[in-house]
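**Student:** have a look; sequence and predicted model below, questions after that.
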Amino acid sequence: MVYSYGIWLKSFTLCIKYFKKDSKQLKIKFEVDTNPPVDFKEEEKLHLVPMPFQIRTMSISSLYAGMMHAVLCRGWQSRPKGRDWYDLVWYVKNGYELDMTHLEARLKQSCKAFKDSIGDISEKKVLELLNKRIEELDIKMAKDDVSRFIYDQRELELWSKEFFKAIASSVIKCVNYNHIGV
């Protein structure tokens, strides 16, 4: 939680206006996970701009696991989040490893399909649920959700259930079970 103006917040929106005469306002929403699973990897990053500083952040493989959790478990109501599916393609395209240790912790913590799972959650079970989610996915609605964020709309032309099933088979090829903290 974030403490602001005497109130504890779980999320807040930051509004930024560029220093150009006719610039539009940019809104950025920050959400804070107040009960994150602890099984994630961290890494230290050094930045030199605007001044030298170092930051500890979640590893890309653990971030991938968080995104995969969203794809597998997010409640869609009537609208799928195309942004989750776009991110899935991005992680696979860039060849990142999926941190199964962190994914398993997230799934057991807050995913109805895995709530009562005992022992390790297998790659097979993850692939099974991913393919089930693909079958339920309304491709047109997912495209509509993400299209406003995509500069070149041709990126979405391939989107189909067959496309995402091919992506799903690539997910399991890039799995990392090693959990070494920094």
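**Tutor:** Arrived safely, thanks for sending. Numbering: from 1, shown residues only.
**Student:** please count neighbours and contacts with C-alpha atoms only from this point.
**Tutor:** Will do.
**Student:** ok, which stretches of the protein are strands?
**Tutor:** Counting by DSSP state E, one finds strands in the chain at the ranges 2-4, 7-9, 11-17, 25-31, 42-47, 53-58, 98-99, 175-176.
**Student:** looking at this structure, which helix or strand is least sure?
**Tutor:** strand 2-4 (a mean of 45; mean pLDDT, DSSP states H and E).
**Student:** who's in contact with the residue nearest the centre of the chain?
**Tutor:** The chain has Met67 as the residue nearest its centroid, 2.0 Å off, counting by CA atoms, centre = their mean. By CA atoms under 8 Å, 6 or more residues apart in numbering, the contact set of Met67 is 84, 87-88.
**Student:** tell me how many other residues surround the nearest residue to Gln153 once chain neighbours are set aside.
**Tutor:** In space, and not counting its chain neighbours, Gln153 is closest to Ser147: 6.7 Å by CA to CA, 6 or more residues apart in numbering. Ser147: 18 surrounding residues under other CA atoms under 10 Å.
**Student:** what's the distance between Ser147 and Glu162?
**Tutor:** Using CA to CA, to the nearest Å, Ser147 is found at 20 Å from Glu162.
**Student:** got a list of what Ala113 touches?
**Tutor:** Cys73.
**Student:** quick check: beta-bridge partners of Glu42?
**Tutor:** Note on Glu42: beta-bridge partners Met58, judged by DSSP bridges.
**Student:** tell me if I'm right that it and Arg56 touch.
**Tutor:** Yes. Glu42 is within contact range of Arg56, at 6.6 Å (criterion: CA atoms under 8 Å).
**Student:** quick check: which ranges of the protein have low pLDDT?
**Tutor:** 1-26, 115-119, 173-182 (pLDDT under 70).
**Student:** who has more neighbours, Glu42 and Arg56?
**Tutor:** Between Glu42 and Arg56, counted using other CA under 10 Å, Glu42 has the larger neighbour count: 16 against 11.
**Student:** break this structure down into its structural domains.
**Tutor:** Residue ranges for the domains of the chain, per automatic domain parsing: 1-34, 41-176.
**Student:** just say which of those domains is most tucked in.
**Tutor:** domain 41-176 (a mean of 16; mean count of other CA atoms under 10 Å).
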